[in-house]
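>>> structure of the sequence below:
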Amino acid sequence: MAWGARAQGVTDLCDRLAADEAGLTSLTLFRSRRFGPAEVAELAGALGRNSRLQELDAGSHPLTAPSAALLAGALAVHPSLRRLCVGDSALGDEGLKALAPGLRRLHALDCEHKGLGPPGAAVLAGLLAGGAELRELQVARNALG
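Down below sits the predicted model:
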């Protein structure tokens, strides 16, 4: 990004997701993209019209609990998403709790360095005990206890 340039949002990517573009199966949102509450809402809406995305990585962006809940609703009905990394070290236990309803069909979840503690560990244990399809779970660099 050039000095002084304004960070681009996710509208172009959401348009491609909403169009259910065949080649778009993996999406990484780099730090140079804006990904605040408005962009999370835009992405959640686009995911509702997409059947092909298998992997979403927005791991370097802060994610609030209300935004996580919005994203969880979209993830819960998305048919093909299998790998997810969202949020940064500020996600915390409340953010994970809000995101949890959308995680049941995932095969891989990256929770590394997400600010999780024992309550977050309990959320993850509940997912695993409740029949979640998780096969790969990354939890390094958290104070899980």
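
>>> roughly how far apart are the residue nearest the centre of the chain and S60?
Residue closest to the mean C-alpha point of the chain, counted by C-alpha atoms, centre = their mean, is V86 at 3.6 Å. Applying C-beta to C-beta, to the nearest Å, one obtains 10 Å for the distance of V86 from S60. Any C-beta I mention is one placed from the backbone N, CA and C, and that applies to glycine too.

>>> kindly report the same for R141.
Relative to S60, R141 is positioned 14 Å away (criterion: C-beta to C-beta).

>>> neighbour-wise, which of these two wins?
Legend: neighbour count by other C-beta atoms under 10 Å for R141 and S60, higher for S60 (17 against 13).

>>> the helices in this protein, which residues?
When secondary structure is read from DSSP state H, the chain shows helices at 11-18, 37-47, 65-77, 92-99, 118-129.

>>> give me the spatial nearest neighbour of S80, chain neighbours excluded.
Leaving aside its sequence neighbours, S80 sits nearest to Q54 (C-beta to C-beta, 6 or more residues apart in numbering; 5.4 Å).

>>> hang on, the residue nearest to the centre of the chain packs against P62?
No: the pair formed by V86 and P62 falls short of the contact definition of C-beta atoms under 8 Å, at 9.9 Å.

>>> for K114, what are its contacts?
G87, D88, S89, L91, G92, G95, L96, G120, N142 (C-beta atoms under 8 Å, 6 or more residues apart in numbering).

>>> mind running it again at 10 Å?
59, 63, 85-93, 95-96, 99, 120, 138-139, 141-142 (C-beta atoms under 10 Å, 6 or more residues apart in numbering).

>>> ok, G115 next?
By C-beta under 10 Å, 6+ apart, the contact list for G115 reads 87-96, 141-143.
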